[in-house]
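Trainee: this one's structure only:
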């Protein structure tokens, strides 16, 4: 599939980088300080400042950030962690790695965790809730926190933007970030935990470093390299620029596709919200499956995608909105370097495959 993606006229993802990232990576290599050095510490300062938090701890991946965050909240074998039914499998793997059980709750029409569904599945064994700012839409952290359990704000899709109830990354008990290549802040790999809680920060720092400690299957090598930190710091410096570019391209999609959406009723556009990151531009199909349309657009050279793969085991709790999302949601190409001509090609292909 990677070879096919490279030949597409418009790929679904395209990394955003320039001379600054290349120079920062080269300088990190030349410094001879490759792990746990000054570039990791500089990135941590930048992340905590952007989120308005007291602490930031760089780790090896977004999954490590989730797992160590749960560890710091005291999640252990036999506990339950509520996760969105429509989400990346990492949200399930993090509690599983600690011997806890991921409990799915349905999402709302914006594809974010529905607080009413969380209340319905919460039990005396619930130790935490993980809420994603899905596709860059701010999750309803205020309602989730009122339910009583600690909340992790997953900021892989949306970080650092001021919204009505704070800053993305500054609204939960802690926030988890991923620096995977295609995420909002891309560095190849890496992640971070940001929090105001000194007790959480202390545990995450202690457990990220693999050392001569007593054997423990939850103690892994979770350090962030200085090379990845250097690239992530460049991405953080241009975050406002990248968010603005994404917003402009999302607005262009909204304007260009609204007539067809209203005329054909073949797809539903996302609700326009100016104060969101627009990490993805995800539409919902009416009478076709996501698989059909993604394959059709690929034949036309356009890299649309089903943005989330259904990892849920059979026979789980009923989650009709998530079921609909897995079957009907298609993500269109959206990144800062997407040109107007490329967007027009995407729109034409979508209309051809849904008309």
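Mentor: That came through fine. None of the values given here were measured: they were computed from a predicted structure.
Trainee: now the strands: where do they sit in the stretch 251-355 of the chain?
Mentor: Taking DSSP state E, counting those that start in this stretch as the test, the strands found in the stretch 251-355 of the chain are 267-268, 281-285, 329-332.
Trainee: show me the contacts for residue 308.
Mentor: 86, 87, 88, 325, 326, 329 (C-beta atoms under 8 Å, 6 or more residues apart in numbering). Using the backbone N, CA and C atoms, a C-beta is placed for each residue, glycine as well.
Trainee: what's the most distant pair in those?
Mentor: 88 and 329 (13.8 Å; C-beta to C-beta).
Trainee: Rebuild the contacts of residue 308 as JSON lines, extending it with pLDDT, distance to residue 253 and neighbour count.
Mentor: Shown next, in JSON lines, are the contacts of residue 308 (pLDDT from 0 to 100; distance: C-beta to C-beta, whole Å; neighbours: other C-beta atoms under 10 Å):
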{"residue": "86", "pLDDT": "98", "distance to residue 253": "21", "neighbour count": "26"}
{"residue": "87", "pLDDT": "96", "distance to residue 253": "23", "neighbour count": "24"}
{"residue": "88", "pLDDT": "94", "distance to residue 253": "23", "neighbour count": "22"}
{"residue": "325", "pLDDT": "98", "distance to residue 253": "19", "neighbour count": "25"}
{"residue": "326", "pLDDT": "97", "distance to residue 253": "22", "neighbour count": "19"}
{"residue": "329", "pLDDT": "98", "distance to residue 253": "15", "neighbour count": "23"}
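Trainee: As CSV, the residues you listed with distance to residue 106 would be great.
Mentor: Compiled in CSV, the contacts of residue 308 are given as follows (distance: C-beta to C-beta, whole Å):
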residue, distance to residue 106
86, 8
87, 11
88, 16
325, 10
326, 12
329, 14
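Trainee: Just give me the closest of the residues you listed to residue 18.
Mentor: The nearest one, if we look at the contacts of residue 308 relative to residue 18 and count by C-beta to C-beta, is residue 88, at 27.8 Å.
Trainee: ends of stretch 210-224, how far apart?
Mentor: Using C-alpha to C-alpha, to the nearest Å, the end-to-end distance of stretch 210-224 comes to 12 Å.
Trainee: my bad, stretch 140-154
Mentor: With C-alpha to C-alpha as the measure, what separates the two termini of stretch 140-154 is 12 Å.
Trainee: quick revisit: out of the strands of the stretch 251-355 of the chain, deepest packed?
Mentor: Among these, ranked by average contacts under mean count of other C-beta atoms under 10 Å, first place goes to strand 329-332 (a mean of 24).
Trainee: list the helices and strands it packs on?
Mentor: Counting contacts by 3 or more C-beta pairs under 8 Å, 6 or more residues apart in numbering; DSSP states H and E, strand 329-332 packs against strand 281-285, helix 290-299.
Trainee: Name all residues that make contact with the nearest residue to residue 221 once chain neighbours are set aside.
Mentor: Leaving out its chain neighbours, the residue that sits closest to residue 221 by C-beta to C-beta, 6 or more residues apart in numbering is residue 210, at 3.7 Å. Residues counted as contacts of residue 210 (C-beta under 8 Å, 6+ apart) are 219, 220, 221, 222, 223.
Trainee: Turn these into TSV, including neighbour count.
Mentor: Listed next are those as TSV, based on neighbours: other C-beta atoms under 10 Å:
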residue	neighbour count
219	16
220	15
221	10
222	21
223	17
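Trainee: Is it possible to get CSV of those that adds pLDDT?
Mentor: Shown next, in CSV, are the contacts of residue 210 (pLDDT from 0 to 100):
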residue, pLDDT
219, 89
220, 91
221, 91
222, 96
223, 96
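Trainee: out of the residues you listed, which one sits closest to residue 43?
Mentor: The closest of the contacts of residue 210, once distances to residue 43 are taken by C-beta to C-beta, is residue 223, at 12.8 Å.
Trainee: Can you list the low-confidence ranges for this structure?
Mentor: For the chain, the stretches flagged by pLDDT under 70 are 1-6.
Trainee: For the longest strand anywhere in it, give me every contacting residue.
Mentor: In the chain, assigned by DSSP state E, the strand with the most residues is strand 126-132. If you take C-beta under 8 Å, 6+ apart as the criterion, strand 126-132 is touched by 66, 70, 73-75, 79-84, 87-88, 91, 94-95, 100, 103, 112-113, 118, 139-141, 144, 147, 149-154, 156-157, 172, 176.
Trainee: again, only this time at 6 Å
Mentor: Residues outside strand 126-132 that contact it (C-beta atoms under 6 Å, 6 or more residues apart in numbering) are 70, 73, 75, 79-83, 87, 91, 113, 139, 144, 149-152, 154.
Trainee: swap in stretch 271-278?
Mentor: By C-beta under 6 Å, 6+ apart, the residues outside stretch 271-278 that reach it are 136, 137, 158, 161, 163, 243, 246, 247, 250, 254.
Trainee: and residue 103, that's in a helix?
Mentor: No - assessed with DSSP: H, G, I helix; E, B strand; the rest coil, residue 103 is strand; it does not lie in a helix.
Trainee: roughly how far apart are residue 326 and residue 136?
Mentor: Distance of residue 326 to residue 136, computed by C-beta to C-beta, to the nearest Å: 19 Å.
Trainee: Revised request: answer the last question for residue 14.
Mentor: The gap separating residue 14 from residue 136 is 17 Å, by C-beta to C-beta.
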